[in-house]
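1. Need coordinates for the below:
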Amino acid sequence: MNTTFRQTHAKRSSPAAARAYALPLVILVSLGASLAIGIVLSRHADSHLAVNRQVVLYRDHHRQMGMQELVDRWIVNVVTRGSVRDQLGDGGLAFELTLPQGTTARVYFDDAQGAALEDLRVLHGPEAAYARRLLRALDQMPQPAIGEGRERVFREFGPAKLSVHTVDLAVLEALAGVIVPSSDSRKFVRTLIDRRARADLAPNDIRAIAMEAGLNSDETAAAEMMLTAQPTLWRVTAEISGGGVQQRAQGLVEVPAIMESSSAGRFAKFLSWKEQ
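-> Prediction:
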């Protein structure tokens, strides 16, 4: 009786024990297979993303170079006819092009020479001295006079000369205090601002404004050294739209006064360029 019971119990319990043993093994095998598949898919995805990144970089690089080439060609054509400023349309529009696939490119130029240059390493002589004194004067100004927009007052690139068309009031007041160390500096600022509001200033107007404000010959020479009515530093904005495309890029471009190509075969010098 006992033997029969043990044999019967063994027969009944053996399949269950086998299944209990096999289940963890199946789970481990499935987990291992899942991990292997996951690793393969992950590597494939990483490879796909890497290829996509390279394609995007390649495309963006050539689009950037193409847009810069268009800007440079436009500048070359413009400079042969006059200044960049004289050729701009409403809102600073330089040119507009119809591109394939129903897209349109619009390029705008903005005078970027109205702030004080911070990097003075390439300057020398009286210009460097006035530029250093201008920075010291701005540093000593109270914060409310300068405001919160640092880019409105200081810049990293370009010449030391300030554009009379866009020079910020705080920068102009600081410069006037540097070149006219007397109460007459306020008269110079008022005269320039008034003339600028009434008409577009020309190169000869700087001397005329200085004389009207009562500056002596040395002060007038300093004003002509540190101010210009023909800026060479421009903020260029390129916009491409239409056909389901919306792209925007912006950069700083320096247009040299002398008509000669750079080492890159371009006339304009691109100081920065960034997709936005």
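2. Surely Ala170 is in a helix?
-> Yes - under DSSP: H, G, I helix; E, B strand; the rest coil, Ala170 falls within a helix.
3. what's around it, how many residues?
-> 20 (other CB atoms under 10 Å). Where you see a C-beta, it was placed from the backbone N, CA and C, and this is true even at glycine.
4. and what of Ile206?
-> By other CB under 10 Å, neighbour count at Ile206 equals 21.
5. and it, which of the three is it?
-> Classification of Ile206 using three-state DSSP returns helix.
6. same question, Glu239
-> strand.
7. per-residue confidence at it?
-> As predicted, Glu239 sits at a pLDDT of 89.
8. Leu172 against Arg190, yeah?
-> No - Leu172 is beyond contact range of Arg190, at 10.2 Å (criterion: CB atoms under 8 Å).
9. These two - which one has more neighbours?
-> Leu172 (20 against 12).
10. Now the nearest residue to that one once chain neighbours are set aside: which helix or strand?
-> Leaving aside its sequence neighbours, Leu172 sits nearest to Val189 (CB to CB, 6 or more residues apart in numbering; 5.5 Å). If you go by DSSP states H and E, Val189 is part of helix 184-198.
11. got the CA coordinates for that helix in PDB?
-> Only the C-alpha atoms of helix 184-198 are listed here, as PDB (Å, rounded to 0.1, in the frame of the first residue of the first chain):
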ATOM      1  CA  ASP A 184      30.200 121.400 -24.300                       C
ATOM      2  CA  SER A 185      29.900 117.600 -24.600                       C
ATOM      3  CA  ARG A 186      26.200 117.800 -24.000                       C
ATOM      4  CA  LYS A 187      25.800 120.300 -26.800                       C
ATOM      5  CA  PHE A 188      27.600 117.900 -29.200                       C
ATOM      6  CA  VAL A 189      25.300 115.100 -28.200                       C
ATOM      7  CA  ARG A 190      22.200 117.200 -28.600                       C
ATOM      8  CA  THR A 191      23.300 118.500 -32.000                       C
ATOM      9  CA  LEU A 192      24.100 115.100 -33.400                       C
ATOM     10  CA  ILE A 193      20.800 113.600 -32.200                       C
ATOM     11  CA  ASP A 194      18.800 116.500 -33.600                       C
ATOM     12  CA  ARG A 195      20.600 116.300 -37.000                       C
ATOM     13  CA  ARG A 196      20.100 112.500 -37.100                       C
ATOM     14  CA  ALA A 197      16.400 112.800 -36.400                       C
ATOM     15  CA  ARG A 198      15.900 115.300 -39.200                       C
END
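12. Name the residues that touch that helix?
-> With CB atoms under 8 Å, 6 or more residues apart in numbering as the test, helix 184-198 has contacts from 164-165, 169, 172-173, 176-177, 179-180, 201, 205, 209-210, 212-215, 223.
13. And for stretch 96-109?
-> 67, 70-71, 74, 84, 88, 91-95, 234-243, 245.
14. Now, of the residues you listed, which are buried?
-> Using 16 or more other CB atoms under 10 Å as the burial test, the contacts of stretch 96-109 include 67, 70-71, 74, 84, 88, 92, 94-95, 234-240 as buried.
15. So which of those are in strands?
-> In strands, judged by DSSP state E, the following of the buried ones among the contacts of stretch 96-109 are found: 94-95, 234-240.
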